[in-house]
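A.B. asks: below are the sequence and a predicted model; questions follow.
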Amino acid sequence: MSETAWRRFEFAATPVVQPTPAPAPSAVPAEPPRMVLPGSRWVLFLLALVFAAPGCRMDMHDQPKYKSFRASAFFPDGKASRTPPEGTVAQGQLRDDELFYTGKVDGQDSELFPLPVTRELLDRGQERYDIFCSPCHDRVGTGRGIIVQRGMKQPPSFHITRLREAPPGYYYNVITQGFGVMYGYASRIPPEDRWAIVAYIRALHLSQAASYGDVSEADVAAVEATR
Ligand code: HEC
């Protein structure tokens, strides 16, 4: 607001005080104030409004439809949900890529990723890891996240030898199924994001066991400068 506009506002907001004239002395006692009831026409109008208002919504969700697993009088088996015809799969639901969906090859945890590990995948994995895993496993995977500090069982560090050597398919499975007291994430993290997280955990493995030889001189200088 410019200064002049503000002043105008201030001026307008200043209450105007009008002097009240002193009541004229009178001999006749003042009549007591009468209570004014709203007219019956108003009452009718308000009542009509109250009854009419709920009828004003006519959305698409108010229409005859079946909800999943409801009963139906239409189909002979009495069920609203139909079984897909035998031998068919709904579009987009064919999970024939064993490695991608289960993390296994011939029943064994896969040593390979089912998709190329790119910079984008790692970035995505970092973001998802920080959201879904770091509350317990902490940002670098040592297992001292904030929930653990508040009393949840401490998970093992991802940097112990057993877990460093565990194949990607093992991590994929732990995310999908859960492990011990850790619940599974199948319903919350789609398969591709699970792989992204596994790739990022691999990056964490590297980060926690890296030596100066793994880093460029410029990066070493940058790290030294922060000391
Ligand atoms: C609410 C806390 C919590 C969250 C969130 C969580 N975990 Fe865990 N995780 C645990 C606990 C606790 C254990 C140890 C379970 C046990 O031994 O009963 C564990 C164990 C593990 C293990 C080790 C399994 C083994 O062989 O010892 C892996 C790997 C793992 N979690 C990965 C993940 C990943 C990846 C995420 C994110 C998608 C994640 N966790 C999210 C609590 C959590």
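C.D. replies: Nice, thanks for sending it over.

A.B. asks: any low-confidence regions in this protein?
C.D. replies: For the chain, applying pLDDT under 70 flags the ranges 1-30, 32-38, 53-56.

A.B. asks: in it, which residue sits nearest the ligand?
C.D. replies: In the chain, the residue that lies nearest the ligand is Gly180 (2.0 Å; C-beta to the nearest ligand atom). The way it works is simple: take the backbone N, C-alpha and C, and place the C-beta from them, glycine included.

A.B. asks: quick one: that residue and Phe113, what's the gap?
C.D. replies: Between Gly180 and Phe113 the computed distance is 25 Å (C-beta to C-beta, to the nearest Å).

A.B. asks: which residue is the nearest non-sequential neighbour of the residue of the chain closest to the ligand?
C.D. replies: Once flanking residues are discounted, Gly180 sits nearest to Lys153: 7.8 Å by C-beta to C-beta, 6 or more residues apart in numbering.

A.B. asks: touching, that neighbour and Phe179? I think so.
C.D. replies: No: contact between Lys153 and Phe179 fails when scored by C-beta atoms under 8 Å: they sit 11.2 Å apart.

A.B. asks: this protein: strands as residue ranges?
C.D. replies: 104-105, 108-109, 178-179, 182-183 (DSSP state E).

A.B. asks: re the thing from before, run a quick neighbour tally on the residue of the chain closest to the ligand.
C.D. replies: Other residues within reach of Gly180, judged by other C-beta atoms under 10 Å, total 8.

A.B. asks: longest helix in the protein, by residue count?
C.D. replies: Ordering each helix of the chain by length in residues (DSSP state H) puts helix 191-208 first.

A.B. asks: same for that one, what does it pack against?
C.D. replies: If contacts are counted by 3 or more C-beta pairs under 8 Å, 6 or more residues apart in numbering; DSSP states H and E, helix 191-208 sits against helix 98-102, helix 119-132, helix 168-177.

A.B. asks: go again using 10 Å as the cut-off
C.D. replies: Judged by 3 or more C-beta pairs under 10 Å, 6 or more residues apart in numbering; DSSP states H and E, helix 191-208 is in contact with helix 98-102, helix 119-132, helix 161-165, helix 168-177.

A.B. asks: pick the most deeply packed of these.
C.D. replies: Among those, ranked by average contacts under mean count of other C-beta atoms under 10 Å, first place goes to helix 168-177 (a mean of 21).

A.B. asks: looks like Gly180 contacts Gln154 (just checking).
C.D. replies: No: counting by C-beta atoms under 10 Å, Gly180 sits too far from Gln154 to count as a contact (11.6 Å).

A.B. asks: straight-line length of stretch 92-108, end to end?
C.D. replies: Across its full length, stretch 92-108 reaches 26 Å between end residues, using C-alpha to C-alpha, to the nearest Å.

A.B. asks: buried residues in it?
C.D. replies: Residues of stretch 92-108 classed as buried: 99-100, 102-103 (neighbour count, 16 or more other C-beta atoms under 10 Å).

A.B. asks: any residues touching it, and which ones?
C.D. replies: Stretch 92-108 is contacted from outside by 84, 89, 109-115, 167-177, 191-192, 194-195, 198, using C-beta atoms under 10 Å, 6 or more residues apart in numbering.
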